[in-house]
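[1] Following is a predicted model, sequence given first.
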Amino acid sequence: MSFLVLPDPDSGVLARRGKIVSQLRRLVSNKSSIIDDEDGRRAFETDALTAYRRMPLAVVLPETTEEVSSVLKFCQREGLPVVPRGAGTSLCGGALPLEDSIVVGVSRMNKVLDVNYENRTACVQTGITNLGISSAVSGAGFFYAPDPSSQLACTLAGNLAMNSGGAHCLKYGVTTNNVLGIKMVLMDGEIIEIGGGHLDMPGYDLLGLIIGSEGQFGITTEATVRILRSAEAARPMLLGFNSNEAAGACVAAIIGSGIIPVALEFMDKPAIHVCEDFAKAGYPLDVEALLIVEVEGSEDEIDDLLGKITQIAERHDPLVVRISQSEEQSAAIWKGRKSAFGAMGRISDYYCMDGTIPTSRLPEVLKEISRICEQYKLRVANIFHAGDGNLHPLILYDANNSEEVEKAERAGAEILKLCVDVGGCLTGEHGVGIEKRDLMTVQFSHTDIEQQIRVKRAFDPDWLLNPGKVFPLDYQKTR
Amino acid sequence: MAEILTPGDENDLANIIAEAVTAGAPLEIRGGGTKAAVGRPIQTAGVVSTSAMSGITLYEPRELVLSARAGTPLVEVETALAENNQELAFEPLYLEMVLGEPAAPSTIGAVFASNLSGSRRIYSGAARDHFIGVKAVNGLGELFKSGGRVMKNVTGYDLCRGLSGSWGTLAVMTDVTMKVLPSAESSQTIVLTGLIDDIAIDAMCAALTTPYEVSAAAHLQQSFVARLSDPELSALGAPLTALRVENFSSSVAYRIGKLGEALKAFGDISVLDEDWSQIFWSDMRQLKVLQGSSDPLWRISVPPKSGAKVVESIKAHHPTCQAVYDWSGGLIWLVMPPISDAGASEVRRAVAASGGHATLIRADAATRTAVDVFQPLEDGVTALSGRIKAAFDPHGILNPGRMYAGV
Ligand SMILES: Cc1cc2nc3c(=O)[nH]c(=O)nc-3n(C[C@H](O)[C@H](O)[C@H](O)COP(=O)(O)OP(=O)(O)OC[C@H]3O[C@@H](n4cnc5c(N)ncnc54)[C@H](O)[C@@H]3O)c2cc1C
């Protein structure tokens, strides 16, 4: 994955590094907020797309919105690119630094500022981890709904930038559906507040534009999110099938019946084996495809719903129908799913794709993905959010073998083109970043992209925020 | 009256807009025109309606997705969905009866352009949350698209949401794609009577912090109760608080029971069964109790627990104003006596104190010229909004000034 071109660093900026760092020092109250030594910076040189690495000029970890503002104002004046950063778990190189850039990380701004259970909102600093929000309110029986598998580490800031989803988004929606307000610093240092403790925005839906803008519009420092009362209980079941087609048909039948489970996850055989080895979740090993279906409610309601789902599944010749019998089993089932990427990482390097397709095209797309990977002599495991068609083919390769790296990237690009061809998109939740930047023209026309770029310029006319990403470089003329 | 142009497809529309750019002649943009009386009055040489771009182009019930040309009547979309036991979960409002007899049906494009959602918004999200794909023509006469037909999509910036609630000032939508959901098998509504506003809001907020998935929570002051369609309710002679539960039948029975227990402290509880529940919430969707008047009508969104306080503080200056609360207190429909500024200064002061926004949904043109119809924004946000407008419509061709001067 090393053939993507990044913008050339400005040698003038590199030469001024010492001076820039000392000027940055004056802008923060805690001197440890500036990291400029080599070891310190190395921790920030990549994100979860580890094939790409660039040492940033310096890293700033501000402690207040005002510090973020001073830093951005300074960078704007000096023409320095800024790469916003949360926890660095982006899978698409969204948080990858450039050599002449200042990384501005919000990880030290991680407090819960206010929780209002009656209004069902929490106001937090964006450096808080995703799970941190739910943990802060779980004592009162509440939770924050979007649950990316990386939730232990990833920050709300990163979730906002990527409009992240998770396994339970089928029912509860993704980040943009669960955020009511933000505080954000624009590149010129101006602090703006949008939305708040009320529903819907006055004026333009700037919140909707900003969420999912991949750190290119401003740096978010605070947010008001919706918190929800947890269901009385939740329970998953496993459905195993002898073909992807049967599993796919079962997904469509469940949704067609009017049941929207909280989660509806799909694993193919290679994925089942890897996850079972890792998590000992009790996944059946002799099936071709496995669905994890979870429903919520009282124990009686759950029995009733799982009964309905079992009836539907029976029509698709399941090999296995197994309802979780205990909290421990449920936890193990989810541990297997949520640690899937980690488990895969233990056996091989992998390249995680994230296209979405219309769910009715599932069987043929899975077949085609196998064909593409076979053609490149690469192994692939599929694990994904079946209810909404968001695929995660994991292409296995050896990162030390440059030929395989390139093959993996090529196979990935073919898979994403396939997703677009069948009516889907390049990325369902991980973002474009650098990884899918050059594929944007597969999904979008020149005018589509130009329209997006004009919106970008409304926020950041000089292209200083997170440059080199999301759009092909030709479109980023001022950088 | 300006001539109404009805382009038959996106290319016609693009030509009309490109010509308007050349002529420097702004256009009024509308769907059916049912909401034409919302916003600052604007004077344009031409009016463009999307009404000739009509029809459902894709509907896959098993994928929960529907696409339609922007001028498709909302009723046509809702009828097609109902045939498959599906619906637009955000319960789009039928504002027309509040604004006056409509000449043409309201359109699906306008549903997203106005982002006005009904009672289920607190549970299912707003119109914008169901808006997943768009094709539109910007103010340069260029056709562009964003999003698509799949539920999860973060490819590029989210221009669907960017266009949500932009009232035709950024681009003219030609095709919209939306997420649809199964209608619940059954619904029932708990009714509490006689509660004063702030106690009613306590009850609604308490209901929403239970795990029983209350899908709507509204409170009507006594004067409005008499106008409900349900004869038993309209004869109550007391304020009414309503909480809806929707689910499979067995769950509804269980949840209504549990919810009733949880709300015992708030007084006697009665339950509207399926049919009466439907009728009550259908009244809410059409704002039935607010019809038949031309008094100024405000739509106010605040944190739910502040709802009663906001109304009280406005009442201190305008004692005859009356409120209908939805969204567990977070949405207030406030009817003002016909005074010169429609009570704008007091409304905005009260809203500023709690955080939120107020839109003057119904008022005569003179009032809408004199006061801000949409919530005034902070300076930084105003400037940013101006830059967003320029990013889509640099020559100010599309509905200029309808939301804000200069936007
Ligand atoms: C094992 C694993 C599992 C994952 N599972 C999921 C999943 O289930 N669903 C999912 O959606 N994603 C998933 N991801 C991807 C990733 O976790 C998400 O994209 C996450 O939101 C990134 O958060 P972060 O804090 O790590 O952000 P970073 O990686 O630090 O940054 C992500 C993007 O946000 C921008 N950014 C960061 N902070 C700010 C800020 N304050 N203001 C503006 N922009 C900012 C960055 O510039 C970058 O573009 C997974 C990743 C891994 C490694």
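    Looks like it arrived, so ask away.
[2] Show me the shaky parts of chain A.
    Along chain A, segments meeting pLDDT under 70 span A:1-2, A:478-479.
[3] what residues go with each domain of it?
    What the record gives for chain A is the domain set A:11-108, A:112-229, A:234-341, A:348-421, from automatic domain parsing.
[4] quick one, which of those is packed in tightest?
    Mean neighbours per residue, mean count of other C-beta atoms under 10 Å in any protein chain shown, is largest over these for domain A:112-229, with a mean of 23. Backbone N, C-alpha and C define where each C-beta goes, glycine included.
[5] and the end-to-end length of that one?
    18 Å (C-alpha to C-alpha, to the nearest Å).
[6] Over to stretch A:151-171?
    End-to-end for stretch A:151-171, by C-alpha to C-alpha: 18 Å.
[7] how distant is it from the center of its chain?
    Distance, stretch centre to chain centre, for stretch A:151-171: 6 Å (C-alpha atoms, centre = their mean, to the nearest Å).
[8] and if you look at stretch B:92-109?
    11 Å.
[9] List the contacts of that stretch.
    B:31-35, B:37-38, B:50-51, B:54, B:68-75, B:77, B:111, B:116-118, B:127, B:173-174, B:176, B:178, B:285-288, B:290-291, B:297, B:361-362 (C-beta atoms under 8 Å, 6 or more residues apart in numbering or on different chains).
[10] before we move on, back to that, let's have the domains of chain A in CSV, adding distance to B:Ile256.
    Listed next are the domains of chain A as CSV, based on distance: least, C-beta to C-beta, whole Å:
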stretch, distance to B:Ile256
domain A:11-108, 43
domain A:112-229, 17
domain A:234-341, 13
domain A:348-421, 28
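[11] want to try JSON lines for these, with distance to chain B as columns?
    Output for the domains of chain A, formatted as JSON lines (distance: least, C-beta to the nearest C-beta, whole Å):
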{"stretch": "domain A:11-108", "distance to chain B": "10"}
{"stretch": "domain A:112-229", "distance to chain B": "3"}
{"stretch": "domain A:234-341", "distance to chain B": "4"}
{"stretch": "domain A:348-421", "distance to chain B": "4"}
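[12] wait, which of these is closest to B:Glu185?
    Shortest distance between B:Glu185 and the domains of chain A, using C-beta to C-beta, is found for domain A:234-341: 6.9 Å.
[13] does the closest one come close to the ligand?
    Yes: using C-beta under 6 Å from any ligand atom, domain A:234-341 reaches the ligand at A:Phe341.
[14] Any idea how far apart the tips of that domain sit?
    End residues of domain A:234-341 are separated by 24 Å (C-alpha to C-alpha).
[15] What's the separation between A:Gly165 and the ligand?
    Per C-beta to the nearest ligand atom, to the nearest Å, A:Gly165 is found 5 Å from the ligand.
[16] again, but for A:Ile102
    From A:Ile102 to the ligand the distance is 12 Å (C-beta to the nearest ligand atom).
[17] thought that residue was touching A:Val68?
    No: checked against C-beta atoms under 8 Å, the pair A:Ile102 and A:Val68 is beyond contact range at 11.3 Å.
[18] Spit out the contact partners of the residue nearest the centre of chain B.
    For chain B, the residue nearest the mean C-alpha position is B:Leu116 (1.4 Å; C-alpha atoms, centre = their mean). Residues near B:Leu116 by C-beta under 8 Å, 6+ apart: B:Pro92, B:Leu93, B:Leu95, B:Ala127, B:Arg299.
[19] Would you confirm that the fourth one contacts B:Arg120?
    No: B:Ala127 lies out of contact with B:Arg120 (C-beta under 8 Å); the separation is 11.0 Å.
[20] any residues in contact with both of the two?
    With C-beta under 8 Å, 6+ apart, B:Ala127 and B:Arg120 have common neighbours B:Phe90.
[21] what about whichever residue of chain B sits closest to the ligand, neighbour count?
    Closest residue of chain B to the ligand, C-beta to the nearest ligand atom: B:Val154 (8.0 Å). By other C-beta atoms under 10 Å in any protein chain shown, 31 other residues sit near B:Val154.
[22] Could you give the backbone dihedrals for it?
    B:Val154 adopts backbone torsions of phi -120, psi 30, taken as degrees, to the nearest 10.
[23] OK, contacts around it?
    A:Met162, A:Asn163, A:Gly212, A:Thr427, A:Gly428, A:Glu429, A:His430, A:Gly431, A:Val432.
[24] In TSV, list those along with secondary structure.
    Listed next are these as TSV, based on DSSP: H, G, I helix; E, B strand; the rest coil:
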residue	secondary structure
A:Met162	helix
A:Asn163	coil
A:Gly212	coil
A:Thr427	coil
A:Gly428	coil
A:Glu429	coil
A:His430	coil
A:Gly431	coil
A:Val432	coil
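[25] Quick check: which element contains residue 20?
    No chain was given, so I picked chain A. helix A:17-25 (DSSP states H and E).
[26] was after chain B, sorry
    helix B:10-23.
[27] contact partners of whatever helix or strand comes next after that helix?
    Per DSSP H and E, helix B:10-23 leads on to strand B:27-30 as the next helix or strand towards the C-terminus. With C-beta under 8 Å, 6+ apart as the test, strand B:27-30 has contacts from B:2, B:16-17, B:20, B:36, B:42, B:44-50, B:110, B:168, B:172, B:397-399.
[28] most centrally placed residue in chain A?
    Note: chain A centre (C-alpha atoms, centre = their mean) maps to A:His430, 3.7 Å.
[29] How about the contacts made by A:Thr310?
    Counted by C-beta under 8 Å, 6+ apart, A:Thr310 has contacts A:Met237, A:Val321, A:Ile323.
[30] That one: what secondary structure?
    helix.
[31] mind checking how far it is from A:Glu435?
    Here the criterion is C-beta to C-beta, to the nearest Å. By it, A:Thr310 lies 40 Å from A:Glu435.
[32] Leaving out sequence neighbours, find the closest residue to A:Val174.
    Spatial nearest neighbour of A:Val174, excluding adjacent residues (C-beta to C-beta, 6 or more residues apart in numbering or on different chains): A:Gly165 at 4.2 Å.
[33] Was I right to think that neighbour contacts A:Gly428?
    Yes: contact criterion C-beta under 8 Å: A:Gly165 and A:Gly428 qualify, at 6.9 Å.
[34] list residues touching both of the two?
    In contact with both A:Gly165 and A:Gly428: A:His385, A:Asn390, B:Lys152, using C-beta under 8 Å, 6+ apart.
[35] could those be laid out in TSV, adding distance to A:Ser360 and secondary structure?
    Compiled in TSV, the shared contacts of A:Gly165 and A:Gly428 are given as follows (distance: C-beta to C-beta, whole Å; DSSP: H, G, I helix; E, B strand; the rest coil):
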residue	distance to A:Ser360	secondary structure
A:His385	15	strand
A:Asn390	15	strand
B:Lys152	16	coil
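[36] hmm, back to that, ok, of the contacts of B:Val154, which one's closest to A:Gly258?
    A:Gly428 (23.8 Å).
[37] Now do the same contact list for the closest one.
    A:165, A:354-356, A:385, A:388-391, B:150, B:152-154.
[38] For the stretch 51-200 of chain B, which segments are assigned as helices?
    B:74-83, B:96-99, B:108-114, B:121-124, B:159-163, B:197-208 (DSSP state H, counting those that start in this stretch).
[39] which regions of chain B sit below the pLDDT cut-off?
    B:1.
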